[in-house]
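Visitor: Have a look at this prediction, sequence included:
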Amino acid sequence: MNAEFNWWLLIVGLVVGAALTWLVMSESVRRDIDVTETEQRGEARWISALVSGAGRPIAPERVEEILRLHREYLAAPPPDEPIEPVDAPVPGAGASDRVAPPDAVTPDPIERRRISEDG
């Protein structure tokens, strides 16, 4: 065999190896559905420790509930209309902690008229 053929084989081998490595690495990313309930409890404890260490104590049970709700949100179909954020204070939160209430979607015209007539 000549030297040019060997270089060609080396280049093809490197490209194929890089493509296989990329394929394996891209498929190894974990998703929310891959996390078991036991692992979710451990994740909740870990997040609670990190947040509490930053001076904002939070119970691991509350973090676990938030993670569960996040999984349910991701499992649901996407909303028809995006929910616009509204600056609404969260009970027990600081002034910088604002979140959109669940009913922050603009009502349809009939509902808007009923609301304006009621008050």
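Guide: Here it is on my side, so go on. Numbers count the residues shown, from 1 in each chain.

Visitor: residue ranges for the helices of this protein, please.
Guide: With helices called from DSSP state H, the chain shows them at 3-27, 37-53, 60-75, 109-118.

Visitor: For Glu81, which of the ones you listed is the nearest?
Guide: Proximity to Glu81 (C-beta to C-beta) singles out helix 109-118 among the helices of the chain, at 13.7 Å. C-beta here means a position set from N, CA and C on the backbone, and glycine is covered the same way.

Visitor: Lowest average confidence across helices and strands of this protein, where is it?
Guide: Scoring the helices and strands of the chain by mean pLDDT, DSSP states H and E places strand 98-99 at the bottom, with a mean of 46.

Visitor: sorry, back to before: the helices of the chain into a markdown table, with extra columns for distance to Glu81, mean pLDDT and mean neighbour count?
Guide: Converted to a markdown table, these look like this (distance: least, C-beta to C-beta, whole Å; pLDDT from 0 to 100; neighbours: other C-beta atoms under 10 Å):
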| stretch | distance to Glu81 | mean pLDDT | mean neighbour count |
| --- | --- | --- | --- |
| helix 3-27 | 32 | 89 | 10 |
| helix 37-53 | 30 | 86 | 13 |
| helix 60-75 | 16 | 86 | 13 |
| helix 109-118 | 14 | 52 | 9 |
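
Visitor: Switch those over to JSON lines; also include distance to Glu84.
Guide: Shown next, in JSON lines, are the helices of the chain (distance: least, C-beta to C-beta, whole Å):
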{"stretch": "helix 3-27", "distance to Glu84": "34"}
{"stretch": "helix 37-53", "distance to Glu84": "27"}
{"stretch": "helix 60-75", "distance to Glu84": "17"}
{"stretch": "helix 109-118", "distance to Glu84": "15"}
